[in-house]
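J.: just need the structure, nothing else, for what follows:
(one chain, ligands or ions: 1)
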Amino acid sequence: MSQSHVSAAKEQVIDLLRPVVEPETGQGMVDLGLVKDVVQQNGSTVISIEMLSPLSPHQEKIERQIRAALTPAVDLGDVQIDWSFRVRSSGTGRSDAQPIKGVKNAVAVASGKGGVGKSTVAVNIATALAKGGASVGLLDADVYGPSIPLMMGAHGRPLMREQRIVPLEAYGVKLMSIGFILDPEKALIWRGPLVAQLITQFLNDVDWGELDYLIVDLPPGTGDVQLTLAQKIPISGAVIVTTPQEVALADALKGLKMFEEVKTPVLGIIENMSGFICPSCNETHHIFSSGGGMRIAMENGVELLGQIPIEPGIVTGGDTGKPAVLADPDSATAQAFTHAAARVAGRLSVEAIKKPRKPMIMFRSV
Ligand code: ADP
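T.: Modelled structure (predicted):
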């Protein structure tokens, strides 16, 4: 096949694919520059599609649209789709904050109060994204109770390289804990601005390398420390973790308002301990009431990113240092965590697309 024939075929395919919509953003796949290549070889056609995030649930939908759009093209032969993804940066949500070097998206995981499973959610989201192929870091900024090293089974002290801190690594996730440098007992008496100053300094001193996502486990609550951290850490979006009962929801609402105040997009709410699936009868029992996460999400115009059931294995996984998404990937909780991680990534891709982009010229032969 001649070169000009190949280009013509590409252009024809690209034109046919213009109506195909990327479901997360509602924009055209071609306009977004996600149709990377069209190669015809030995009577078949390979279309390279670059998704905006890992773990995307939309591949099937996109493939169906592609196949329908290509039906009028007679000579494409067998059509195959080659999937990849490339995470875009969604910045910091605020124009005055400099993003952390090398970090495309920093996600704060916050809760209005302690004990709702915030760290468990942070660990499992980070691990699920890494398992999905993304480059991920996890920062334990919970000055008053750093538990992430234990939950990730990571021990030891970080090393220094060229005057920067080298993060530890567990399950493909780069890991730093404020507990490595601060004595939590001493931190308890520090005031917010001092803690925040230390953490932001610390963040920039860590050699994260290139990260698609940095998950930041914030201390629980909405006090002085949390507010200053929310202001100082250049966050792309926040995830609020709550349990379904009313008292927890009232605190979650405070968390939501705190991020609104500092002009940081709230990506959504994760309702943890959302029903207990009885291992003998397989029925869901709503120990802590039900529907609260959905209500607060709807009332505040944010997404309910996931509902994670109670499962005794989570406690064991947390204590033995293996997150649920790896320890028992087929469990209902692991699947709920993976779904929530996909939603976080999806929401971030929408934030990234909102940013002005350079015009893209594709497949034009000269
Ligand atoms: P927080 O960071 O909000 O203080 P943690 O993540 O430390 O909360 O969780 C508190 C405890 O609850 C831990 O022992 C953890 O293993 C357990 N836990 C968290 N989520 C679940 C869940 N969905 N099912 C069962 N236990 C859970």
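J.: show me the shaky parts of the stretch 151-300 of the chain.
T.: Confidence mapping of the stretch 151-300 of the chain against pLDDT under 70 gives the ranges 182-190.
J.: what residues does it have near the ligand?
T.: The stretch 151-300 of the chain comes close to the ligand at residues Pro220, Asn272, Met273, as judged by Cβ under 6 Å from any ligand atom. For every residue, glycine as well, the C-beta is placed using N, CA and C.
J.: SS state for the first one?
T.: Look at Pro220: counting by DSSP: H, G, I helix; E, B strand; the rest coil, its state is coil.
J.: please report how far it lies from Ile62.
T.: Going from Pro220 to Ile62 by Cβ to Cβ, to the nearest Å gives 39 Å.
J.: can you list the domains in this protein?
T.: As given by automatic domain parsing, the domain ranges for the chain are 3-86, 103-352.
J.: next one: the first one to chain centre, how far?
T.: Once both centres are worked out by Cα atoms, centre = their mean, to the nearest Å, domain 3-86 turns out to sit 25 Å from its chain's centre.
J.: make 44 the first number, not 1, from now on.
T.: Got it, first residue is 44 now, which makes that one domain 46-129.
J.: and that domain, what's its mean pLDDT?
T.: Per-residue pLDDT over domain 46-129 has a mean of 90.
J.: try stretch 379-388
T.: For stretch 379-388, mean pLDDT rounds to 98.
J.: report the longest helix in the chain, please.
T.: Secondary structure of the chain per DSSP state H: the longest helix is helix 375-397.
J.: report all helices and strands that that one contacts.
T.: Packing partners of helix 375-397 (3 or more Cβ pairs under 8 Å, 6 or more residues apart in numbering; DSSP states H and E): strand 146-154, helix 161-174, strand 280-285, strand 309-320, strand 346-353, helix 367-370.
J.: please export the C-alpha coordinates of it as CSV.
T.: Provided in CSV are the C-alpha atoms of helix 375-397 (Å, rounded to 0.1, in the frame of the first residue of the first chain):
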residue,chain,number,x,y,z
ALA,A,375,-16.8,-6.8,47.5
THR,A,376,-14.7,-4.3,49.3
ALA,A,377,-11.7,-4.6,47.0
GLN,A,378,-14.0,-4.1,44.0
ALA,A,379,-15.7,-1.1,45.6
PHE,A,380,-12.2,0.4,46.3
THR,A,381,-11.2,-0.2,42.7
HIS,A,382,-14.4,1.3,41.4
ALA,A,383,-13.8,4.4,43.7
ALA,A,384,-10.2,4.7,42.5
ALA,A,385,-11.5,4.7,38.9
ARG,A,386,-14.0,7.4,39.7
VAL,A,387,-11.4,9.6,41.4
ALA,A,388,-9.2,9.2,38.2
GLY,A,389,-12.2,9.9,36.0
ARG,A,390,-13.2,13.1,37.9
LEU,A,391,-9.5,14.3,37.7
SER,A,392,-9.5,13.8,34.0
VAL,A,393,-12.5,16.0,33.7
GLU,A,394,-10.7,18.7,35.8
ALA,A,395,-7.7,18.3,33.6
ILE,A,396,-9.7,18.8,30.4
LYS,A,397,-11.2,22.0,31.8
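J.: and the angle from that helix to strand 146-154?
T.: Here helix 375-397 runs at an angle of 130 degrees relative to strand 146-154 (axes from the mean of the first three to the mean of the last three Cα atoms, to 10 degrees).
J.: excluding chain neighbours, what is closest to Ala153?
T.: In this structure, Ala153 finds its nearest non-sequential neighbour in Leu261, 4.6 Å apart by Cβ to Cβ, 6 or more residues apart in numbering.
J.: is it true that that neighbour touches Tyr187?
T.: No. With contacts counted by Cβ atoms under 8 Å, Leu261 stays clear of Tyr187, the gap being 10.6 Å.
J.: who has more neighbours out of the two?
T.: More neighbours surround Leu261 than the other of Leu261 and Tyr187, with 27 against 17 (other Cβ atoms under 10 Å).
J.: contacts only, for that one.
T.: Counting by Cβ atoms under 8 Å, 6 or more residues apart in numbering, Leu261 makes contact with Ala151, Val152, Ala153, Lys161, Ala184, Asp185, Gln269, Leu272, Ala273.
J.: give me that answer again for 7 Å
T.: By Cβ atoms under 7 Å, 6 or more residues apart in numbering, the contact list for Leu261 reads Ala151, Val152, Ala153, Ala184, Asp185, Gln269, Leu272.
J.: the first one contacts Ile278, doesn't it?
T.: Yes. Under the criterion of Cβ atoms under 7 Å, Ala151 is in contact with Ile278, at a separation of 4.7 Å.
J.: can you give me the distance of Gly222 to Pro263?
T.: Here the criterion is Cβ to Cβ. By it, Gly222 lies 15 Å from Pro263.
J.: which of those two has more neighbours?
T.: Per other Cβ under 10 Å, whichever of Gly222 and Pro263 has more neighbours is Pro263, with 22 against 19.
J.: surely that one touches Ser154?
T.: Yes. Counting by Cβ under 7 Å, Ser154 is a contact partner of Pro263 at 4.9 Å.
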